[in-house]
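*Asks:* no sequence for this one, just the structure:
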């Protein structure tokens with residue numbers, strides 16, 4: 001996060017310095033307000049560039065056997081360009097580490113769901129699940145001794161999650 005903030009300031013400084021050089025080359029015929037305006041446009045341009053390339057950057061850092069099963073796009077007040085074309089702000093990944101067992105004639109698959117979220121701070125949420133491939137029921141496995149009751153969710157047989165886990 002700190003490197004991202006530092007990059008924004010460096011881009012603003014460089015573009016502002018370029019505008020300052022253009023103003024001096026024109027013998028101060030360009031207005032003086034062009035320097036902060038260009039610096040601001042440079043910073044916003046970098047933020048938009050990073051926002052639209054975040055998904056491909058994170059996807060390239062994942063192992064080859066991982067599969068993206070869900071993408072979330074959202075608009076944000078602090079990202080005005082997202083109202084025109086929303087970028088990927090979160091995505092869910094399945095890795096290749098699944099465990100399949102047979103119990104009472106039903107196929108159970110244990111897997112971990114990873115959700116990458118690009119908010120004001122990037123974060124990763126992981127949660128283990130058990131999916132019954134026969135009935136399409138999914139149950140969240142409690143972590144860290146937490147015995148909170150979780151509800152059974154139904155997964156559609158035509159969803160990408162079901163197709164990846166219950167082949």
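*Replies:* Happy to help now that I have it. What you see is a predicted model; the values in this text were computed from it and never measured.

*Asks:* Any stretches of this protein with poor pLDDT?
*Replies:* For the chain, applying pLDDT under 70 flags the ranges 145-149.

*Asks:* remind me, longest helix of it?
*Replies:* helix 34-60 (DSSP state H).

*Asks:* just checking, what packs against that one?
*Replies:* helix 2-25, strand 88-94, strand 106-118 (3 or more CB pairs under 8 Å, 6 or more residues apart in numbering; DSSP states H and E). Where you see a C-beta, it was placed from the backbone N, CA and C, and this is true even at glycine.

*Asks:* looking at those, which is buried most?
*Replies:* strand 88-94 (a mean of 20; mean count of other CB atoms under 10 Å).

*Asks:* Given whichever helix or strand comes after that strand, what are its sheet partners and their directions?
*Replies:* For strand 88-94, the succeeding helix or strand toward the C-terminus, using DSSP states H and E, is strand 99-103. Neighbouring strands of strand 99-103 in its sheet, by DSSP bridges, are strand 106-118 (antiparallel).

*Asks:* Ok, which of the helices and strands packed on helix 34-60 comes nearest residue 52?
*Replies:* Among these, strand 88-94 comes nearest to residue 52, with 8.4 Å by CB to CB.

*Asks:* From what I see, residue 156 and residue 162 are in contact.
*Replies:* Yes. Residue 156 lies in contact with residue 162 (CB atoms under 8 Å); the separation is 6.6 Å.

*Asks:* neighbour count winner among these two?
*Replies:* Comparing residue 156 with residue 162 by other CB atoms under 10 Å, the one with more neighbours is residue 162, at 18 against 10.

*Asks:* Grab the nearest non-local neighbour of the more buried one.
*Replies:* residue 155 (5.1 Å; CB to CB, 6 or more residues apart in numbering).

*Asks:* How many residues are close by the one you found?
*Replies:* 18.
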